[in-house]
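Visitor: show me the folded form of this:
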Amino acid sequence: MSKVETVPIGRLEHLHLSVSRHPGTTLFSLLAGVFGDRPQGMPEAWRRVVHQSVRAEDAAALRSVFACGTPWLPDSLALTRGVRDAGPGPGPGAHTSGVADELDALDAELLQREIARRFGETAPEHWRRIADRPRRFLDAYRRLANSVWSAFSPLWRQADGLLLREAERVGVASVSGGLDPLLNTLGAAVRYADGLLELPHACPSHLTDRGRRRLVLAPLASGFSACAYSAEDPDLIWIGYPLPGLGRLAEGGDAEPRTASGRLEVVLGPVRAAILRDARRRPSVSETAQHAHITVSTATYHCGQLARAGLLRRTRHGREVRLHLTETGAALLDLLS
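Guide: I've put the predicted structure just below:
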């Protein structure tokens, strides 16, 4: 069983944080979700689009990597060289060429070195086969990734407004003291506390002792539970997480986000902001669901995210679960309201 790993990034007020709109992270997440054993919460219609775009022999080559039962993949395959540079920019369409650049930059010798550095003489059989014939594997990888991106890129372009909105949300959180709850409610299996970033899988020891590094957030337009990250770059850590508002794209509706009414809504989103405000009166989960005009199951999910971020506390009273603001939640309300 893999253990949780903690990586130091320092205090949030000193954190160098940016948002990346590089398409390579979304493409990599798509590949992992469709051809691996790591569900990304991808809508079934999108999954069919991806499946229908690739050759069976190329898909088989990818499954040997993505469905191998280990959470590690070489950074060079993650298509994220451009993450450090792809900031808010003029729009995701302007960064679409980044996928071609990433695929052109795939290097057989680098892939061999990464496999050797990770496993030494004990590489699993599928990685040994790839290390023996890396160019053959990379040719199949390029063909498949190009096919998938050609099929999916129209959806990526439709996500323009959502990506701009997310960059704004992170910016507001950075300047208003809301980074702690934001990092802990991304929807990815990553947590922050006391200067440490908690990752769900163990990292090689040489990756965890580098001190403070730049943190790059990479919203993923690939699924409702998409999650990817890397701590292998000596200068930065990047975290991929589900793009807020993705449901509007999946439903085929208007992808333009609704205008938020205040800073708390920008940082937490309108539903979680409504739940947090309502918690001042210590409602039950069903009462706050009615207040926010959502189902009880949806309210339960969002309350869980707010509780994990340390903003809410839940107590049981008979058959009811009641919500209470924590000191941190009350302070955030005072700061952003």
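
Visitor: and the most centrally placed residue in the chain, what element?
Guide: With distances taken as Cα atoms, centre = their mean, the chain has residue 241 as the residue nearest its mean C-alpha position (1.4 Å). Here residue 241 is covered by strand 236-242, with elements defined by DSSP states H and E.

Visitor: next SSE downstream of that strand?
Guide: The C-terminal neighbour of strand 236-242 among helices and strands, as given by DSSP H and E, is helix 246-250.

Visitor: tell me the contacts of residue 101?
Guide: If you count contacts by Cβ atoms under 8 Å, 6 or more residues apart in numbering, residue 101 has them with 81-82. Bear in mind the C-beta positions are built from the backbone N, C-alpha and C, glycine included.

Visitor: given the strand holding residue 241, what are its sheet partners and their directions?
Guide: Strand pairing for strand 236-242, determined by DSSP bridges: strand 214-220 (parallel), strand 228-230 (antiparallel).

Visitor: quick one: average confidence on it?
Guide: Averaging pLDDT along strand 236-242 gives 89.

Visitor: got it, and stretch 110-121?
Guide: Predicted confidence along stretch 110-121 averages 91 (mean pLDDT).

Visitor: and stretch 33-40, by the same measure?
Guide: Across stretch 33-40, the per-residue pLDDT values average to 77.

Visitor: go ahead and report the secondary structure state at the residue lying closest to residue 98 once chain neighbours are set aside.
Guide: Ranked by Cβ to Cβ, 6 or more residues apart in numbering and with sequence neighbours excluded, the top spatial neighbour of residue 98 is residue 82, at 4.8 Å. Classification of residue 82 into helix, strand or coil gives helix, according to DSSP: H, G, I helix; E, B strand; the rest coil.

Visitor: and the strand holding residue 241, C-alpha only, in CSV?
Guide: Once non-C-alpha atoms are left out, strand 236-242 reads as follows in CSV (Å, rounded to 0.1, in the frame of the first residue of the first chain):
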residue,chain,number,x,y,z
LEU,A,236,8.2,23.7,-8.8
ILE,A,237,5.4,21.4,-7.9
TRP,A,238,2.3,21.3,-10.1
ILE,A,239,-1.1,20.0,-9.1
GLY,A,240,-3.9,19.2,-11.6
TYR,A,241,-7.5,19.2,-10.3
PRO,A,242,-11.0,19.3,-11.8
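
Visitor: all helices of the stretch 101-250 of the chain, in order?
Guide: Along the stretch 101-250 of the chain, the segments classed as helices by DSSP state H, counting those that start in this stretch run 108-119, 125-132, 134-158, 160-176, 179-183, 246-250.

Visitor: check these for me and report the most buried one.
Guide: Comparing those on average neighbours per residue, with mean count of other Cβ atoms under 10 Å, the densest one is helix 179-183 at a mean of 21.

Visitor: show me what contacts residue 190?
Guide: With Cβ under 8 Å, 6+ apart, residue 190 has these contacts: 183, 197-200, 227, 229, 239, 241.

Visitor: can you give me the neighbour number for residue 20?
Guide: Residues near residue 20, counting by other Cβ atoms under 10 Å, number 27.

Visitor: what about it, distance to residue 7?
Guide: For residue 20, the distance to residue 7 (Cβ to Cβ, to the nearest Å) stands at 18 Å.

Visitor: got it, and residue 266?
Guide: Distance, residue 266 to residue 7, using Cβ to Cβ: 27 Å.

Visitor: what about the strands in the protein?
Guide: Along the chain, the segments classed as strands by DSSP state E run 5-8, 17-19, 191-193, 196-199, 214-220, 228-230, 236-242, 312-317, 320-325.

Visitor: is it possible to get JSON lines of those strands that adds distance to residue 63?
Guide: As requested, the strands of the chain are exported to JSON lines (distance: least, Cβ to Cβ, whole Å):
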{"stretch": "strand 5-8", "distance to residue 63": "26"}
{"stretch": "strand 17-19", "distance to residue 63": "32"}
{"stretch": "strand 191-193", "distance to residue 63": "31"}
{"stretch": "strand 196-199", "distance to residue 63": "25"}
{"stretch": "strand 214-220", "distance to residue 63": "21"}
{"stretch": "strand 228-230", "distance to residue 63": "18"}
{"stretch": "strand 236-242", "distance to residue 63": "21"}
{"stretch": "strand 312-317", "distance to residue 63": "41"}
{"stretch": "strand 320-325", "distance to residue 63": "42"}
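
Visitor: of those strands, which is nearest residue 175?
Guide: Proximity to residue 175 (Cβ to Cβ) singles out strand 17-19 among those, at 10.8 Å.

Visitor: quick one: strands adjacent to that closest one?
Guide: strand 214-220 (parallel).

Visitor: who's in contact with the residue nearest to residue 98?
Guide: Residue 82 sits in contact with 20, 22, 24, 95, 98, 101-102, where contact means Cβ under 8 Å, 6+ apart.

Visitor: tell me the pLDDT of it.
Guide: Note for residue 82: predicted pLDDT of 79.

Visitor: same check on residue 208?
Guide: In the prediction, the pLDDT value recorded for residue 208 is 48.

Visitor: and the gap between the residue nearest to residue 98 and residue 300?
Guide: 38 Å.
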